[in-house]
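[1] kindly return the folded structure for what I paste below:
(chains A and B)
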Amino acid sequence: GAVVSQHPSRVICKSGTSVKIECRSLDFQATTMFWYRQFPKQSLMLMATSNEGSKATYEQGVEKDKFLINHASLTLSTLTVTSAHPEDSSFYICSARRGDSGLETQYFGPGTRLLVL
Amino acid sequence: LAKTTQPISMDSYEGQEVNITCSHNNIATNDYITWYQQFPSQGPRFIIQGYKTKVTNEVASLFIPADRKSSTLSLPRVSLSDTAVYYCLVGGMNTGGFKTIFGAGTRLFVKA
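    Predicted coordinates for the structure are as follows:
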């Protein structure tokens, strides 16, 4: 159990377009999901925390108008990169928090590779 | 939020036991300690989680001393496929909500 999926796995887009990435918890309900960005040879950087039914909480330095997050249900959160530019090219990873077993555990999706031309 | 410190890299040989230690001096009462493994271009994979003392599962053991200011991930008899980056995360439900922050991780190289 505890499977998190992401779609798409990779996307190539032109500069100025918007890209939506979906994150789904397949076998558990996640009241909290997280979005991370990872550049080559670096650690994961938390971008925002997404709570079901409420506004996302963004980390310092992350533009909320550029990275739109929607957490409409207990199993789905979406990240939309608006007006993407080459510097937004990165590996985006989501995670879902599972707290129903008495522990507080995050399970991660496989990631989405974004390349902006 | 508790900051974690791990060795940047470690080398080992197939069949050896590998122990990776993580320091988290300001861990909070509600924080759990979780270890993840990450291969290139993949999301982190859950390995093990604990709160105190020792936890063991089918792939690893986690040792946590009484003061909880550090933890050690033990991988028995590593193989080449265990070459990856290992992250120690500390976090849980605290003031401001649930949050964990990734440290730099430890790059483990397993040689034949």
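[2] show me which residues of chain B are close to chain A?
    Neighbours of chain A within chain B, by C-beta under 8 Å from any C-beta of the partner chain: B:32, B:34, B:36, B:41-46, B:49, B:87, B:89, B:91-93, B:97-105. Any C-beta I mention is one placed from the backbone N, CA and C, and that applies to glycine too.
[3] which residues sit against the longest strand belonging to chain B?
    In chain B, taking DSSP state E as the definition, the longest strand is strand B:84-94. Strand B:84-94 is contacted from outside by A:43-44, A:99, A:104, A:106, B:1-2, B:4, B:6, B:20, B:22, B:24, B:27-28, B:30-39, B:44, B:47, B:71, B:73, B:98-103, B:105-108, using C-beta atoms under 8 Å, 6 or more residues apart in numbering or on different chains.
[4] which among those count as buried?
    For the contacts of strand B:84-94, a burial check counting by 16 or more other C-beta atoms under 10 Å in any protein chain shown picks out A:44, A:99, A:104, A:106, B:2, B:4, B:6, B:20, B:22, B:24, B:27, B:31-38, B:44, B:47, B:71, B:73, B:98-103, B:105-108.
[5] secondary structure class for the residue in chain B positioned nearest to chain A?
    Distances between chain B and chain A by C-beta to the nearest C-beta are smallest at residue B:43, namely 3.8 Å. Secondary structure state of residue B:43, per DSSP: H, G, I helix; E, B strand; the rest coil, is coil.
[6] residues in contact with it?
    By C-beta under 8 Å, 6+ apart, the contact list for residue B:43 reads A:4, A:6, A:93, A:95, A:108, A:109, A:110, A:111.
[7] would you mind measuring from it to residue B:9?
    Residue B:43 sits 21 Å away from residue B:9, going by C-beta to C-beta, to the nearest Å.
[8] cool, and residue A:78?
    To residue B:9, residue A:78 is 36 Å away according to C-beta to C-beta.
[9] residue ranges in chain A under the pLDDT threshold?
    Along chain A, segments meeting pLDDT under 70 span A:1, A:99-103.
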